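Asks: predicted coordinates and the sequence they were generated for:
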4 protein chains.
Amino acid sequence: MTSPAPQLHPAHACLIVHGKDTPGIIAAVSAMITRIGGNIVAFDQYSDDPRGGAYFQRVVFHRPDFAAARPQIETEIAATLDPFELEWSLTDQSVPKRMAILASKQDHCLLDLLWRNRRGELPTTIPMVISNHTTSAEDVRSLGVPFFHVPSVAGPDKSASEAKILELLKGNVDFVVLARYMQILSPEFLEQLGVPVINIHHSFLPAFIGAEPYRKAKERGVKLIGATSHYVTGDLDEGPIIEQDTIRVTHADTTEELVRRGADVERQVLSRAVRWHAEDRIIRHGNHTIVF
Amino acid sequence: MTSPAPQLHPAHACLIVHGKDTPGIIAAVSAMITRIGGNIVAFDQYSDDPRGGAYFQRVVFHRPDFAAARPQIETEIAATLDPFELEWSLTDQSVPKRMAILASKQDHCLLDLLWRNRRGELPTTIPMVISNHTTSAEDVRSLGVPFFHVPSVAGPDKSASEAKILELLKGNVDFVVLARYMQILSPEFLEQLGVPVINIHHSFLPAFIGAEPYRKAKERGVKLIGATSHYVTGDLDEGPIIEQDTIRVTHADTTEELVRRGADVERQVLSRAVRWHAEDRIIRHGNHTIVF
Amino acid sequence: MTSPAPQLHPAHACLIVHGKDTPGIIAAVSAMITRIGGNIVAFDQYSDDPRGGAYFQRVVFHRPDFAAARPQIETEIAATLDPFELEWSLTDQSVPKRMAILASKQDHCLLDLLWRNRRGELPTTIPMVISNHTTSAEDVRSLGVPFFHVPSVAGPDKSASEAKILELLKGNVDFVVLARYMQILSPEFLEQLGVPVINIHHSFLPAFIGAEPYRKAKERGVKLIGATSHYVTGDLDEGPIIEQDTIRVTHADTTEELVRRGADVERQVLSRAVRWHAEDRIIRHGNHTIVF
Amino acid sequence: MTSPAPQLHPAHACLIVHGKDTPGIIAAVSAMITRIGGNIVAFDQYSDDPRGGAYFQRVVFHRPDFAAARPQIETEIAATLDPFELEWSLTDQSVPKRMAILASKQDHCLLDLLWRNRRGELPTTIPMVISNHTTSAEDVRSLGVPFFHVPSVAGPDKSASEAKILELLKGNVDFVVLARYMQILSPEFLEQLGVPVINIHHSFLPAFIGAEPYRKAKERGVKLIGATSHYVTGDLDEGPIIEQDTIRVTHADTTEELVRRGADVERQVLSRAVRWHAEDRIIRHGNHTIVF
């Protein structure tokens, strides 16, 4: 099966800047981009209070021979931003991000991501899928993606299975997606993993936190159901929200129908969150996200 | 100021039926409608389980001289439905429902309802608006609607102001709308009132229950905000949901902007709920609504 | 690869009725269902004018041993409906509908239908996929579905390829879906085929009729793009609309981005149309559809 | 009736820049803003092709004593942008824009704008409403807004009524809104008027161009109806689109119901377009708009 080239941009880089808002940041950054021979392709900024609030900036620029010039470009960036005491990160947009997917039995989010990745809709590669069930093994491998089965361990001590997962992921991935992975990850696991983890929660958070949200939604008699994608933190269902959406339902929809219709919203919401993350569009700030 | 005729249907009646599902209800009801000289205009039904679950039916029929024939029609309906042990109610769709509106300072929902009523969009009359503030008095009266000011009483004992409101409403209204009325009504008040009360909650319930939902939504960093219209019960924010909707927001929207944009959703959602109620489209069942 | 059982209902039947509205139809039909030992599970009706307009009814009923009793049930239905001069059709909801899919190179709608069918979301079987390209052959066959390649014939005379397609479809399918099939079917083909054909048009009809709607939408500077699923008639882009939806776009979206985002709307809209068709929820009337 | 202060920002200015994209524009503009003592509050830019395409920029900045310093600021801007051969405009965001509204009998868009303006939702004043009917006179004047009645002239020669309208508007307004004004304005009128004119077309353009779009939508059997707000040019229904939205309808909605539901979309869409225009968020480019 041939993979079309993902949506990558040769010689493009993305500079993310955030910190305390101070007059002159835009001027300093844009002059620096010119100085290093770059041409600005996209420029977004947001300040939650121009008088000393938090400042966020995303600049995509084209610079011939970016990879070769990167060290000296980073020196220039540091020299420009250090006086402002701003944090920054620089990514090469010609390099796809390595995305691992953790899944369980429900495969709609998993298959949707695999399928979008193959179509070149996402600037990602998928080095592996890990599942605590074997049901999706054939589907995943038929798309040329490695599949690893790590069974869940019963009881409170998950350290064995988490250690196994960690061993597989460590150093091999840039971010992890929980595609309806029905296990809670320990804070220790998240800390050792050290890369962002994106989850899809099958409800409109903060409504229907926890398990079985569609049953709870049915019981509450809601007229809309939703899905939420968020970064995973130690607090379950509490990480920074990336994207949400809802669809209309009626009294006549059974819980099973809500589950089926919810699956469509879940995969749409998750795929948007994954795409924005892989395109470096998201800045985390406290328990919020800035999405450019 | 001329009032266009509201959307009423001469010689039309609406029969609402609910109870335990039993084979033969549709046949019995439709045969009875034919027998009384009626012609079915709209027919909706729903069963949450055809094997003995709860059954709900709404039939709108045209019957010349309905008002005169009503007593004998009611006798026929009772004779038809009593064997099934079904509850029912019959309304004359040529008679507008009398809607009282309770409001506070925020006037967007109040004005929206007054305006829609004047345009003939709602099958209602508005015998009065009651507010604990005087800010809207001129607007309300300029539309030819009586305005009563009942100040809120500080402290836990609201019985004095509730007694005053009750005196005004009792016998004069068919239902009450809380159009951003910022006072909690006591269970005693609701019981003595004896007519349905519709509220608009300025969030997507059950998220952000209670006060200041837009501030809470901003703090949680949500990407959608919503509004919920529901029937009022003793449990605040917990009555049966009638209608909900959401709109997209971003990190750049301030709490004030959420409030402003939320106002548009609130009045859309509330006006739909009011219209459906006034058209006898809603059946309450436990903590749910069936909306035909 | 195991296929979960599709969403079928044993011993359930669907009766579709349409014709001139006359008082008494509901009573006659519902009494007849009771008489034949059926229990009504869902009942919808619509009249575009209760005084002699067009009447439409959909009744789903449970009848033990439906298949065996079908002949006598059909006799009863005919005896009941002939006096009203109504047309009707009866389908067995325990039998999945056979859906053929015609596709070209763009595979997002094709894969979405195959995937939903495998998940048991659709009450269908897929006896074959026919494409004028071979690109999807491996994907289709890996899901256990037969794939036939019928190359397009250049020039106006398509009779050879259409004859080949007709030979494959004839007698083997209950309906046909054009999943971004980029060839126009001749009126002769449609007539000889004799089963409904559902198309997905990649725009909000009647806007941007014809080829390249996303380029046209970009040129016109629209702020929403949409998709339309409709039954195919001799007039291209003019058949009865089944379902439509839109999504928001901005000035910053390129034509390629519109195509990518449009693909998500297209497959959502097409899958809803296919599902409703397969569940016998759609009645065609002139150039319109009634969707229950 | 007291008017709350509109959403204005003291000492804030908005600089709009557009022209051919050249490297260095952002750096030059942001350095210039710093030089003139301004602090950037919002910064948006878009290039349809970074290699010499069209470039668009909107910068809102805070500058104490802006009004007094304006002449020297304009000199600085010109000195900065002239070398790039860019067009620009500068507006004082502490000054509300003067909006005239032209209306006919349908008053929902008119009343919505009057009401939002009074609530301080729009950074506008309304020096006058002009209508070819007198039906809204009392409503308009009761809100403290001057109302002028200019009857339509039958026949093709509208020059007399247009001359009368021009006399009223000329020099008194910054932009004009056609709030369901059912007369076509001549190219001569538009040219002499010399300020932007915003229209609300009661359909999803380019579908259902011209009169009676809801009747046409009903005839075509669409499942969504929409509204479009656009700038008026000589070509009716063809000016640059500012905003669009749609809502879901069904076969059961009559044309009258479509009109009623459409009114809700129309006023939402028009109010968003008016707000964005008044906030200097829109740049016209050929037959498109850039909306920041």
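Replies: Right, received. Where do you want to start?
Asks: what pLDDT does whatever residue of the stretch 51-200 of chain A ends up closest to chain C get?
Replies: Nearest residue of the stretch 51-200 of chain A to chain C (C-beta to the nearest C-beta) works out as residue A:142 at 5.6 Å. No exception for glycine: its C-beta is placed from N, CA and C like everyone else's. Residue A:142 carries a pLDDT value of 91.
Asks: neighbours of it, how many?
Replies: Applying other C-beta atoms under 10 Å in any protein chain shown, we find 16 residues neighbouring residue A:142.
Asks: next one: it from chain B, what distance?
Replies: 35 Å (C-beta to the nearest C-beta, to the nearest Å).
Asks: equivalent analysis for residue A:41, please.
Replies: Counting by C-beta to the nearest C-beta - residue A:41 and chain B are separated by 21 Å.
Asks: now the strands for chain A?
Replies: A:12-20, A:39-47, A:54-62, A:87-92, A:97-103, A:124-131, A:147-149, A:175-179, A:197-201, A:224-231, A:241-248, A:282-285, A:288-291 (DSSP state E).
Asks: what packs against the last one?
Replies: Based on contacts counted as 3 or more C-beta pairs under 8 Å, 6 or more residues apart in numbering or on different chains; DSSP states H and E, the elements that strand A:288-291 packs against are strand A:241-248, strand A:282-285.
Asks: which helices and strands does the last one pack with?
Replies: Contact here means 3+ C-beta pairs under 8 Å, 6+ apart; on that basis strand A:282-285 packs against strand A:12-20, strand A:54-62, strand A:288-291.
Asks: what comes up buried for stretch A:75-91?
Replies: A:76-77, A:80-81, A:84, A:86, A:88, A:90-91 (16 or more other C-beta atoms under 10 Å in any protein chain shown).
Asks: near chain D too, which of the residues you listed?
Replies: By C-beta under 8 Å from any C-beta of the partner chain, no member of these lies near chain D.
Asks: tabulate the residues you listed (JSON lines), appending pLDDT and distance to chain C.
Replies: Formatted as JSON lines, those follow (pLDDT from 0 to 100; distance: C-beta to the nearest C-beta, whole Å):
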{"residue": "A:76", "pLDDT": "97", "distance to chain C": "28"}
{"residue": "A:77", "pLDDT": "98", "distance to chain C": "25"}
{"residue": "A:80", "pLDDT": "97", "distance to chain C": "27"}
{"residue": "A:81", "pLDDT": "97", "distance to chain C": "26"}
{"residue": "A:84", "pLDDT": "96", "distance to chain C": "28"}
{"residue": "A:86", "pLDDT": "97", "distance to chain C": "26"}
{"residue": "A:88", "pLDDT": "98", "distance to chain C": "24"}
{"residue": "A:90", "pLDDT": "98", "distance to chain C": "23"}
{"residue": "A:91", "pLDDT": "97", "distance to chain C": "20"}
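Asks: residue B:203: which of those is nearest?
Replies: residue A:86 (35.4 Å; C-beta to C-beta).
Asks: who are the contact partners of the closest one?
Replies: A:17-20, A:25, A:55 (C-beta atoms under 8 Å, 6 or more residues apart in numbering or on different chains).
Asks: hmm, try it at 10 Å
Replies: When contacts are counted by C-beta atoms under 10 Å, 6 or more residues apart in numbering or on different chains, residue A:86 touches A:17-22, A:25, A:28-29, A:55, A:57, A:77, A:80.
Asks: where are the low-confidence patches of chain A?
Replies: A:1-7 (pLDDT under 70).
Asks: circling back: the residue of the stretch 51-200 of chain A closest to chain C contacts residue C:138, correct?
Replies: Yes. Applying C-beta atoms under 10 Å, one finds residue A:142 in contact with residue C:138, separated by 8.9 Å.
Asks: interface residues of the stretch 101-250 of chain A facing chain C?
Replies: A:106-108, A:111-112, A:115-116, A:118-121, A:135, A:138-139, A:142-143, A:247 (C-beta under 10 Å from any C-beta of the partner chain).
Asks: could you redo the last one with a cut-off of 8 Å?
Replies: Going by C-beta under 8 Å from any C-beta, the residues of the stretch 101-250 of chain A near chain C are A:108, A:111, A:115, A:119, A:121, A:138, A:142.
Asks: and those residues, which is closest to residue B:170?
Replies: residue A:108 (54.5 Å).
Asks: list the contacts for residue A:213?
Replies: With the criterion set at C-beta under 8 Å, 6+ apart, residue A:213 makes contact with A:201-203, A:207.
Asks: out of those, which two sit at the greatest distance?
Replies: A:202 and A:207 (11.4 Å).
Asks: that older thread, would JSON lines of the helices and strands packed on strand A:282-285 with mean neighbour count be doable?
Replies: Output for the helices and strands packed on strand A:282-285, formatted as JSON lines (neighbours: other C-beta atoms under 10 Å in any protein chain shown):
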{"stretch": "strand A:12-20", "mean neighbour count": "20"}
{"stretch": "strand A:54-62", "mean neighbour count": "22"}
{"stretch": "strand A:288-291", "mean neighbour count": "22"}
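Asks: save these as CSV, and put in distance to residue C:237 too.
Replies: Shown next, in CSV, are the helices and strands packed on strand A:282-285 (distance: least, C-beta to C-beta, whole Å):
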stretch, distance to residue C:237
strand A:12-20, 39
strand A:54-62, 39
strand A:288-291, 37
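Asks: across the sheet, point out what pairs with the residue in the stretch 51-200 of chain A positioned nearest to chain B.
Replies: The stretch 51-200 of chain A approaches chain B most closely through residue A:56 (8.4 Å), counting by C-beta to the nearest C-beta. Residue A:56 has these beta-bridge partners by DSSP bridges: residue A:18, residue A:46.
Asks: try residue A:129
Replies: residue A:101, residue A:147.
Asks: pull the number of nearby residues for it.
Replies: Neighbour number of residue A:129 under other C-beta under 10 Å is 26.
Asks: which residues does the residue lying farthest from the centre of chain A contact?
Replies: Residue farthest from the centre of chain A, counting by C-alpha atoms, centre = their mean, is residue A:252 at 34.7 Å. By C-beta under 8 Å, 6+ apart, residue A:252 lies in contact with residue B:46.
Asks: kindly recompute the last result at 10 Å.
Replies: Taking C-beta under 10 Å, 6+ apart as the test, what residue A:252 contacts is B:46-48, B:290-292, C:42.
Asks: between those, which sits nearest residue D:11?
Replies: Among these, and counting by C-beta to C-beta, the member closest to residue D:11 is residue B:291, at 50.7 Å.
Asks: hang on, isn't the closest one packed against residue B:273?
Replies: Yes. Assessed by C-beta under 10 Å, residue B:291 is found in contact with residue B:273 at 9.0 Å.
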